[in-house]
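Student: can't give you the sequence, but here's the structure:
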């Protein structure tokens, strides 16, 4: 559990510094949706169904 809290703190630090969000905005944001958005890949970087190539 301690590592998860440290990860959450690190995420908040990165958002505050790199995205210039106020702390209140991060704390009100949907944490899981936020990570889905940050993990989004460009179309050319996404996995392709090999059957679609046939």
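Tutor: Done, it's in. Not measured: the values here are computed from a predicted model.
Student: check contacts around the residue positioned nearest the centre of the chain.
Tutor: By Cα atoms, centre = their mean, the mean C-alpha position of the chain lies nearest to residue 35, the distance being 2.5 Å. By Cβ atoms under 8 Å, 6 or more residues apart in numbering, the contact list for residue 35 reads residue 11. For glycine as for every other residue, the C-beta is placed from the backbone atoms N, C-alpha and C.
Student: for stretch 23-36, buried residues please.
Tutor: residue 26 (16 or more other Cβ atoms under 10 Å).
Student: now the helix or strand where residue 37 lies: how far from the chain's centre is it?
Tutor: Using DSSP states H and E, residue 37 sits within helix 31-38. Helix 31-38 sits 4 Å away from the centroid of its parent chain (Cα atoms, centre = their mean, to the nearest Å).
Student: swap in stretch 20-32?
Tutor: 12 Å.
Student: what does it contact?
Tutor: Contacts of stretch 20-32 (Cβ under 8 Å, 6+ apart): 8, 12, 15-16.
Student: swap the cut-off to 10 Å and go again
Tutor: 8, 11-16, 19, 34, 36-37 (Cβ atoms under 10 Å, 6 or more residues apart in numbering).
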